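Novice: give me a model of this one.
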Amino acid sequence: MSWLILAFASAVFLGFYDLAKKKSVQDNAVRPVLLLCSVFYALLMLPVLLTGHCEPLTLHDHLFLMVKSVIVGGSWLFTYSAIAHMPLSISTTIRALAPLFTIMIAVGFLGERPQVMQWIGIAVCVCSYIGLSLAGRKEMGHFFSNGWVVAMLLGTILAACSGIYDKLILQRMNFEPLTVQVWFSIYMCVVQFLTTMFTWYPTRKKTTPFQFRWSFLAVAALLIIADRCYFLAVSDSDALISIITVLRRSSVFISFLAGILIFKERKSKTKFFAMLGVVIGLCLISLGR
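Specialist: Numbering: from 1, shown residues only. Predicted coordinates:
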């Protein structure tokens, strides 16, 4: 199957994953939610490991997958926390900025040089985020000084780093996609367990109480499918990580509309045109390749 089709399929499931994630963390303690979602993810992937469908790995290989889990774990911590306190139509639009950061990282560390069309796309994205900040002030006060906006940006930067790292381990080091997904899920449980035990459990009575919700299982299931499509796409030797991340972030359409229609968030022409500008900018970035 074409890596472009796989990337688009990942985007569709990622959009519904964002809805389940919003339902899971809304008025809930974020860190135990992350832990249980990670546990469900690992349990659903466990049969793959037990039936011997994973390639054998060396200790050195396991260390690479541990590093991936730490990067993604940090990204999840920031983004889940932000989503719990922000309108979905704004938080997921910020999250769509990941391809922009991916290109910046590729330019700074991998020696890639964006073409003219990509620089135009970057400029469109920047202008769109200025518009988004104006729309966001009506719902969240001063946009860029809001701690949850900063958290969402930090989580997005880490997600971009994860995308570059995925290209390294899947294309250059030739890790098998299913093996990466299985061991990533296991190490993510360890990361989230340590985070929860040391940063939430000691002060749990003074923070937002935790509530178990069945949407945790939906989060895990949807993310497994989205990740499976994503890892298969990235592992293709012809795949371009900048285009894959652009296509994945088209999931913002689903999240944006759901925020307006399901979660009854504030409607705004400025917000709509800002979101549209982000998508156009990302498309220009993609076409530049």
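Novice: next, the contact list for Gly15, please.
Specialist: Ser251, Val252, Phe253, Ile254, Ser255, Ala258 (CB atoms under 8 Å, 6 or more residues apart in numbering). From N, CA and C alone the C-beta is placed, and that goes for glycine too.
Novice: please read the previous query as pertaining to Pro177.
Specialist: Leu170, Arg228, Phe231, Leu232, Val234, Ser235.
Novice: quick check, nearest of those to Gly277?
Specialist: Proximity of the contacts of Pro177 to Gly277 (CB to CB) peaks at Val234, which lies at 26.9 Å.
Novice: quick one: which helix or strand includes that closest one?
Specialist: helix 215-235 (DSSP states H and E).
Novice: what's the following helix or strand after that helix?
Specialist: Counting by DSSP H and E, what follows helix 215-235 is helix 241-248.
Novice: pLDDT of whichever helix or strand comes after that next one, averaged?
Specialist: Next along the chain after helix 241-248, taking DSSP H and E as the criterion, comes helix 252-261. Mean pLDDT, helix 252-261: 73.
Novice: neighbour-wise, which one of the contacts of Gly15 leads?
Specialist: Using other CB atoms under 10 Å as the neighbour criterion, Ser255 leads the contacts of Gly15 with 28 neighbours.
Novice: could you check how far that residue is from Arg172?
Specialist: Using CB to CB, to the nearest Å, Ser255 is found at 32 Å from Arg172.
Novice: same question for Gln211.
Specialist: Distance from Gln211 to Arg172, counting by CB to CB: 43 Å.
Novice: what do you get for Leu287?
Specialist: 25 Å.
Novice: circling back to that earlier point, of Gln211 and Arg172, who's got more company?
Specialist: Looking at Gln211 and Arg172 with other CB under 10 Å, you find the greater number of neighbours at Gln211, namely 12 against 8.
Novice: for stretch 233-248, give the mean pLDDT please.
Specialist: 79.
Novice: contact partners of it?
Specialist: With CB under 8 Å, 6+ apart as the criterion, stretch 233-248 contacts 3-4, 6-8, 10-11, 14, 98-99, 102-103, 106, 160, 163-164, 166-167, 170-171, 175-177, 230, 282-283, 285-286, 289.
Novice: which among those end up buried?
Specialist: Neighbour counting with 16 or more other CB atoms under 10 Å marks 3-4, 6-8, 10-11, 14, 98-99, 102-103, 106, 160, 163-164, 166-167, 170-171, 175, 177, 230, 282-283, 285-286 as buried within these.
Novice: contacting residues around Ile157?
Specialist: Ile157 touches Phe101, counting by CB under 8 Å, 6+ apart.
Novice: mind redoing it with 10 Å?
Specialist: Contacts for Ile157 (CB atoms under 10 Å, 6 or more residues apart in numbering) come out as Gly74, Ser75, Phe78, Leu97, Ala98, Leu100, Phe101, Thr102, Met104, Ile105.
Novice: so how far is the strand or helix carrying the last one from its chain's centroid?
Specialist: Secondary structure from DSSP H and E places Ile105 in helix 98-109. The chain centroid and the centroid of helix 98-109 are separated by 15 Å, computed with CA atoms, centre = their mean, to the nearest Å.
Novice: for stretch 183-194, same thing?
Specialist: From the chain centre to the centre of stretch 183-194 is a distance of 16 Å (CA atoms, centre = their mean).
Novice: for burial, what's the neighbour tally of Pro56?
Specialist: Around Pro56 there are 7 residues (other CB under 10 Å).
Novice: one more: Cys229?
Specialist: For Cys229, using other CB under 10 Å, the count is 24.
Novice: leaving out sequence neighbours, find the closest residue to it.
Specialist: Closest residue in space to Cys229, ignoring its immediate chain neighbours: Ser10 at 3.9 Å, by CB to CB, 6 or more residues apart in numbering.
Novice: relative to helix 215-235, how tilted is the helix or strand encompassing that neighbour?
Specialist: Using DSSP H and E, Ser10 falls within helix 3-25. Between the axis of helix 3-25 and that of helix 215-235 there is an angle of 160 degrees, by axes from the mean of the first three to the mean of the last three CA atoms, to 10 degrees.
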